[in-house]
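1. After the sequence you'll find the predicted model.
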Amino acid sequence: MKLAILGAGAFGTALAVALSANGPVTLWGRSTGWSRENPRLPGVTLPDAVTVTDDLPRAAQADTLLLALPAQKLNDFLTANARILRGKTLISTAKGIDLTRLTGPSQLIATACPDAAVAVLTGPSFAADIARGLPTALTLACTDAGRGKVLQHALSTPVLRLYRTTDVTGAELGGALKNVIAIAAGVAIGAGLGDSARAAIVTRGFAEMSRLSARLGARPETLAGLSGLGDLMLTCSSMQSRNFRFGHAKGARQDFDAATTVEGAATALAVTGLARQMGADVPIAAMVAQLAQGSVSVGDAMELLMNRPLKEE
């Protein structure tokens, strides 16, 4: 299997480092003047088995392409490059819901590249951990069970263990929705509301994730797995999470680097749109969307959540 990773951010670079243990990997990025050490992943030197290029047609000669691109930029990339992606196996690592189309990465791929084989790689993982060779388990989702098994074996390494599922919807919703809850958890800690408040947000957030995902056809066991609960636990408890850091800055009333990609902010807006269409109740996502837009204060947001009508769990 010839493998290339499209997107030379921290996560794409980390995957290139990890997967080069299995053989040669091509890593494509628009700006690759940094040569063997990506400034977005400091301290990590690329192995010799990784070839870095800014030549997309060259990278796309591989038959299996991992799309390590931000969720809100994925559709434009797919549309612009559909011809050279034709007939490939395309594996998305994006964790978000497209704000314009209100769909996940797999549907964007299927629409732009209808003859491509589609899969999703997601789960609890930080780029720095993967690049350092620390043990990590992820979910590989593919509706074609046979192809999923082939990819699972091809992309697993001694320290990167993949579990497979055919529930693509559940896998990508878990990865997307947990970013929204991570922002809320960061707000609680940044605002000094304490670990008990964070635990409440994570727990009720998981219920919110599960409710909406079920409406969209996901299986409950998928949300309870690595791509849902596992990723939720990780991103709601660590400053390595960009979404948690963003929320923490909001809660602490501190500035946040606007150049940092925060998938959960856009996804919160998309989630509220989906919820309106389906008549679903997503109070935490709705508050995160308002906080991200600056239309409500942290204090007012928490007061509104705490004063919702009492109900059964």
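-> Ah, there it is.

2. Going by C-alpha atoms from here, please, whenever you check contacts or count neighbours.
-> Will do.

3. Doesn't Ala8 belong to a strand?
-> No. Using DSSP: H, G, I helix; E, B strand; the rest coil, the assignment for Ala8 is coil, not a strand.

4. how close does the closest residue to it other than its chain neighbours sit to Thr53?
-> Of all residues not flanking Ala8 in the chain, Gly29 sits nearest, at 4.7 Å (C-alpha to C-alpha, 6 or more residues apart in numbering). With the distance defined as C-alpha to C-alpha, to the nearest Å, Gly29 ends up 7 Å from Thr53.

5. how much space between the residue nearest to Ala8 and Thr13?
-> Using C-alpha to C-alpha, we find Gly29 at a distance of 10 Å from Thr13.

6. contacting residues for Thr136?
-> Shown in contact with Thr136 (C-alpha atoms under 8 Å, 6 or more residues apart in numbering): Pro124, Ser125, Asp129, Ile130, Val159, Leu160, Arg161.

7. which non-adjacent residue is nearest the second one?
-> The reference is to Ser125. Closest residue to Ser125 apart from its sequence neighbours, by C-alpha to C-alpha, 6+ apart: Thr136 at 6.6 Å.

8. Please name the bridge partners of that neighbour.
-> Following DSSP bridges, Thr136 is listed with bridge partners Leu160.

9. List only buried entries from the contacts of Thr136.
-> Pro124, Ser125, Ile130, Leu160, Arg161 (16 or more other C-alpha atoms under 10 Å).

10. what number of residues lie near the residue nearest to Ala8?
-> Residues lying near Gly29 (other C-alpha atoms under 10 Å) number 21.

11. which phi and psi does the most centrally placed residue in the chain have?
-> Centroid-nearest residue in the chain, with C-alpha atoms, centre = their mean: Lys95, separated by 2.2 Å. Backbone dihedrals for Lys95, given as degrees, to the nearest 10, come out at phi -120, psi 90.

12. Work out for me the element Gly264 sits within.
-> Following DSSP states H and E, one finds Gly264 within helix 263-278.

13. I'd like to know which elements that helix is packed against.
-> Judged by 3 or more C-alpha pairs under 8 Å, 6 or more residues apart in numbering; DSSP states H and E, the packing partners of helix 263-278 are helix 71-80, helix 168-190, helix 242-252, helix 283-293.

14. Quote the end-to-end distance of stretch 229-241.
-> Chord length of stretch 229-241, first to last residue, is 15 Å (C-alpha to C-alpha).

15. and that stretch, how far from the chain's centre?
-> On the basis of C-alpha atoms, centre = their mean, to the nearest Å, stretch 229-241 sits 12 Å off its chain's mean C-alpha point.

16. So for that stretch, mean pLDDT?
-> For stretch 229-241, the mean per-residue pLDDT is 97.

17. List the buried residues of the helix or strand of the chain with the lowest mean pLDDT.
-> Using mean pLDDT, DSSP states H and E, helix 298-306 stands out as the lowest-scoring helix or strand of the chain, at a mean of 87. Using 16+ other C-alpha under 10 Å as the test for burial, helix 298-306 gives Val298, Ala301, Met302.

18. Now for the residue nearest to the centre of the chain: which residues touch it?
-> Lys95 touches Pro70, Ala71, Thr122, Glu172, Leu173, Gly175, Ala176, Asn179, Glu263, counting by C-alpha under 8 Å, 6+ apart.

19. okay, these in JSON lines with neighbour count and pLDDT next?
-> Rendered in JSON lines, the data for the contacts of Lys95 read as follows (neighbours: other C-alpha atoms under 10 Å; pLDDT from 0 to 100):
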{"residue": "Pro70", "neighbour count": "20", "pLDDT": "96"}
{"residue": "Ala71", "neighbour count": "24", "pLDDT": "97"}
{"residue": "Thr122", "neighbour count": "27", "pLDDT": "98"}
{"residue": "Glu172", "neighbour count": "32", "pLDDT": "98"}
{"residue": "Leu173", "neighbour count": "27", "pLDDT": "98"}
{"residue": "Gly175", "neighbour count": "28", "pLDDT": "98"}
{"residue": "Ala176", "neighbour count": "29", "pLDDT": "98"}
{"residue": "Asn179", "neighbour count": "29", "pLDDT": "98"}
{"residue": "Glu263", "neighbour count": "23", "pLDDT": "96"}
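
20. distance of the nearest residue to Lys178 once chain neighbours are set aside from Met239?
-> Spatially, and ignoring its direct neighbours in sequence, Lys178 is nearest to Leu232 (5.0 Å; C-alpha to C-alpha, 6+ apart). As judged by C-alpha to C-alpha, Leu232 and Met239 stand 13 Å apart.

21. Tell me which of the two has more neighbours.
-> Shown here are Leu232 and Met239; by other C-alpha under 10 Å, Leu232 has more neighbours (28 against 14).
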